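In: model the structure of this input:
(chains A and B)
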Amino acid sequence: NAGVTQTPKFQVLKTGQSMTLQCAQDMNHNSMYWYRQDPGMGLRLIYYSASEGTTDKGEVPNGYNVSRLNKREFSLRLESAAPSQTSVYFCASSEGGRTNEKLFFGSGTQLSVL
Amino acid sequence: AQSVAQPEDQVNVAEGNPLTVKCTYSVSGNPYLFWYVQYPNRGLQFLLKYITGDNLVKGSYGFEAEFNKSQTSFHLKKPSALVSDSALYFCAVRDIGNNNDMRFGAGTRLTVKP
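Out: Modelled structure (predicted):
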């Protein structure tokens, strides 16, 4: 009963380093999302993917790249990490398209960029 | 763009007492409103939604929300709080003019004391 699985749970980077956050879902959902959560700001959408090979920018895409190689997996890459990217990152999935109301979230990745 | 506001960062209630977590919205047209809950070290979980119909919406774990068009509010309520209800609660709205993306409020931390 895994649902949405994210790795790693915690990560500390130095400014300029790169890393990839991994996300996988086992619910056969078409849509997947990456959000960041900052204190006092709620969640903001970074990128969305409607299906394998397709991605769309969300509200805050700058500094990030994503890859949807197959239906299960959706990764988020920071090419050159900056302190402003210190945040908690959540992956989510949903049945159907971007308008679906019920999102299923992973447990998050806490990222600190020094 | 559509948006929601959660005017209280923190709400404290005693176990057994009724609880209310407030949310106001700003939309053009009909609102699509949601509540999500985040337990410690977990991703967000869907609680309930209002699309159309009855102003009182029932959701998971005994929660309900009241849609009030004249006050542009969508407050989350529960008649009798449990210690296990302690969590972070997010109100959200579907942003019809912006790819139907979910716009989340900043969150309200609910603490239920024994």
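In: show me what the helix or strand of chain B with the lowest mean pLDDT is in contact with.
Out: Averaged element by element with mean pLDDT, DSSP states H and E, chain B has its least confident helix or strand at strand B:101-104 (a mean of 86). By C-beta atoms under 8 Å, 6 or more residues apart in numbering or on different chains, the surrounding residues in contact with strand B:101-104 are A:42-45, A:48, A:58-59, A:98, A:101, A:103, B:1-4, B:34, B:36, B:90-95. Heads up, the C-betas are built off the backbone N, CA and C, glycines and all.
In: quick check: residues of chain B near chain A?
Out: Residues of chain B lying near chain A by C-beta under 8 Å from any C-beta of the partner chain: B:9, B:32, B:34, B:36, B:41-46, B:49, B:51, B:90, B:92, B:94, B:99-107.
In: which elements pack onto the one helix or strand residue A:47 maps to?
Out: For residue A:47, the enclosing helix or strand under DSSP states H and E is strand A:42-51. Using 3 or more C-beta pairs under 8 Å, 6 or more residues apart in numbering or on different chains; DSSP states H and E as the contact criterion, the elements in contact with strand A:42-51 are strand A:31-38, strand A:54-57, strand A:65-67, strand B:87-95, strand B:101-104.
In: if we go to 10 Å?
Out: Contacts defined by 3 or more C-beta pairs under 10 Å, 6 or more residues apart in numbering or on different chains; DSSP states H and E place strand A:42-51 against strand A:31-38, strand A:54-57, strand A:65-67, strand A:87-94, strand B:33-38, strand B:87-95, strand B:101-104.
In: might you name the residue of chain B sitting closest to chain A?
Out: When distances are taken as C-beta to the nearest C-beta, chain B approaches chain A most closely through residue B:43, which lies 2.8 Å from it.
In: what sits against the residue nearest the centre of chain A?
Out: Per C-alpha atoms, centre = their mean, the C-alpha nearest to the average position across chain A is that of residue A:34, at 2.7 Å. When contacts are counted by C-beta atoms under 10 Å, 6 or more residues apart in numbering or on different chains, residue A:34 is found next to A:6, A:21, A:23, A:44-49, A:55, A:58, A:60-61, A:64, A:66, A:74-76, A:89-92, A:106.
In: with residue B:36 instead?
Out: Taking C-beta under 10 Å, 6+ apart, one finds A:42-43, A:102-103, A:105, B:43-49, B:87-92, B:102, B:104-105, B:107 in contact with residue B:36.
In: C-terminal to the least confident helix or strand of chain B, what's the next element?
Out: Counting by DSSP H and E, the next helix or strand C-terminal to strand B:101-104 is strand B:108-113.
In: thinking again about what came up before, just the buried residues out of the contacts of residue B:36, in ChimeraX syntax.
Out: The ChimeraX command for the buried members of the contacts of residue B:36 (criterion: 16 or more other C-beta atoms under 10 Å in any protein chain shown) is given here:
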select /A:42,43,103,105 /B:43,44,45,46,47,48,49,87,88,89,90,91,92,102,104,105,107
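In: which pLDDT value goes with the nearest residue to residue B:90 once chain neighbours are set aside?
Out: Once flanking residues are discounted, residue B:90 sits nearest to residue B:36: 4.6 Å by C-beta to C-beta, 6 or more residues apart in numbering or on different chains. Predicted confidence (pLDDT) at residue B:36: the value is 95.
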